[in-house]
Every structure is written in structure tokens, then in C-alpha cells.
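Participant: The following comprises the amino acid sequence and a computationally predicted model.
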Amino acid sequence: MNAPVLHILRHSPTSASSLASCMRVLASRQQLLLLEDAVYALLPSSTALGSIRLLPGDIRVYALEVDLLARGLALDDLPDRVQPIGYDCMVELCVQSSKVISW
Amino acid sequence: MKSLLIITRRPPAHMGAREALDLVLAAAAFGVPTGLLFMDDGVLQLRKGQDAALLQQKSLTANLGALDMYGIEDVMVCRHSLAERGLHVNQCAVAVDCVDNAQIAALLDHYSEVVSL
């Protein structure tokens, strides 16, 4: 049970408070995965991206690549700390995490 | 034994609010140690003096009152969410513990399963 907790976000940061709530209680060494409209949090120069950049360095941030590309977010624009992943890697993350919390 | 934390983030007019309460009561009925945390707009469920009957809906206050009967003692509310909405814990219809962000982080760690509705 030592694998880190995985937080999954699915809603747009501007239409729901899930990103803000999750960030308030995110603990160090945990992981964040952005799916569906939550990838809008990675829009360049958005407020949401600003707060993601400020997360402690030991929090790993992932985003589903197909959701990014489907919404026109270029992988080149992502900050270094955000790792785009595919479905297979997403399944692996879920399985390896001690707990998955879907906001 | 597995324990379950239900986080309810929906305002009372939303079906999710009722479902979260149903889920917590069902879990308790099956003997699963269960905690309930009100967060974001979910804290609005707790306000005293609501009368959903005016909108031809059933009030959630009775369900909230049942928590105690089902032995659910860990009923908590997010201090930040209350403050954001200008609410105070003494305006809540049931006895709740106010928890801050660090305490919520500890709760997420403590419960073996976490469900957010």
C-alpha cells in the first residue's frame, strides 16, 4: 500500500471547482491525472496552469494524450512536468496506485 | 476492515446530493465504517431552514437526521468551503466537525476508499 495516491480530474477548471478542491488537499508525492475537460487546465497562460506549475515538485502530473489532442492542446506547449500518457499507461497508473480518488 | 469516505460536493437541488446521503446510509447499514465530508457546494446541503417542499421536492434534512441513527459519527465539513460561502458551522442543521485542508488530506489518507459525488 505504499504506492502513491492517484487523483483523477475530469471537469473543466473554469466550470467546476474540482481542480481547486483537489489542489487544496493534494499531499506531497501524490499523483494527478487530467482527463476529458480537465485537460483545459493545461491551456497555456491560463490561471489553472499557473496553479499547477506551483505544485510541489514531487507531485507527478499526467494528462491523457488523446484528450489533449482532441481539444487542440499541443503537446509541445505542455510544461515539462506534465507527462502526456495513453490509455495503457492510465490503466497501469490506476492499478499501481494504492488509492484512486475521482473528483 | 475497509472504510469508506463519501465526499459530497453537490448542492441540495442536485440528485448527487441525495445519492451521496443514500450511499452513506447504505454503507452504514452494511456495517462499513463510513465517514461523510461536505465540500464545495455540498456544504449548502447543511444549511438550516431549507424547505424543498416549496419546489415539490423532498427535503434532505430528514436524511441528514438519519445519519446519527445509522451510527455515522464522522460527519465533517470543509472549513474553507463554508467560509467561501459566508457560512458558519453553527448554521448547520446537524452536528458536524469543521476540518481544514491539512485535516482533509489526512482523511483521504486514512480511509481505504474515497468516493466523491
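Facilitator: Noted; the coordinates are in hand.
Participant: how about the residues of chain B that lie near chain A?
Facilitator: Residues of chain B found near chain A (Cβ under 8 Å from any Cβ of the partner chain) are B:9, B:39-41, B:80-81, B:101, B:104-105, B:108-109, B:112-114, B:116. All C-beta spots, glycine's among them, are computed from the backbone N, C-alpha and C.
Participant: quick one, strands of chain A?
Facilitator: Under the criterion DSSP state E, chain A contains strands at A:6-9, A:31-34, A:60-64, A:82-85, A:100-102.
Participant: Arrange those strands in CSV, one row each, with mean pLDDT, mean neighbour count and distance to residue B:35 as further columns.
Facilitator: CSV is the format used below for the strands of chain A (pLDDT from 0 to 100; neighbours: other Cβ atoms under 10 Å in any protein chain shown; distance: least, Cβ to Cβ, whole Å):
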stretch, mean pLDDT, mean neighbour count, distance to residue B:35
strand A:6-9, 97, 25, 18
strand A:31-34, 97, 23, 23
strand A:60-64, 97, 20, 27
strand A:82-85, 97, 18, 32
strand A:100-102, 95, 18, 14
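Participant: now the helix or strand of chain B with the lowest mean pLDDT, how far from the chain's geometric center?
Facilitator: Least confident helix or strand of chain B, by mean pLDDT, DSSP states H and E, is helix B:61-69 with a mean of 89. Distance of helix B:61-69 from the chain centroid (Cα atoms, centre = their mean, to the nearest Å) equals 10 Å.
Participant: Would you mind getting the angle between the next helix-or-strand element following it and helix B:61-69?
Facilitator: Using DSSP states H and E, the helix or strand that follows helix B:61-69 in sequence is strand B:74-78. Angle, strand B:74-78 to helix B:61-69, by axes from the mean of the first three to the mean of the last three Cα atoms, to 10 degrees: 130 degrees.
Participant: contacts for strand B:74-78?
Facilitator: Contact with strand B:74-78 is made by B:34-40, B:43, B:46, B:67, B:89, B:92, B:94-99, B:101, B:104, B:107, as judged by Cβ atoms under 8 Å, 6 or more residues apart in numbering or on different chains.
Participant: again, 7 Å this time
Facilitator: With contacts defined as Cβ atoms under 7 Å, 6 or more residues apart in numbering or on different chains, strand B:74-78 is touched by B:35-39, B:43, B:46, B:67, B:89, B:92, B:94, B:96-99, B:104.
Participant: Next: stretch B:84-103.
Facilitator: Under Cβ under 7 Å, 6+ apart, the answer for stretch B:84-103 is A:24-25, B:43-44, B:46-48, B:61, B:64-65, B:67, B:75-80, B:82, B:107.
Participant: Could you pick out the buried ones from those residues?
Facilitator: A:24-25, B:43-44, B:46, B:61, B:64, B:67, B:75-80, B:82, B:107 (16 or more other Cβ atoms under 10 Å in any protein chain shown).
Participant: Have a look at chain B and report its longest helix.
Facilitator: Determined from DSSP state H, the single longest helix within chain B is helix B:15-29.
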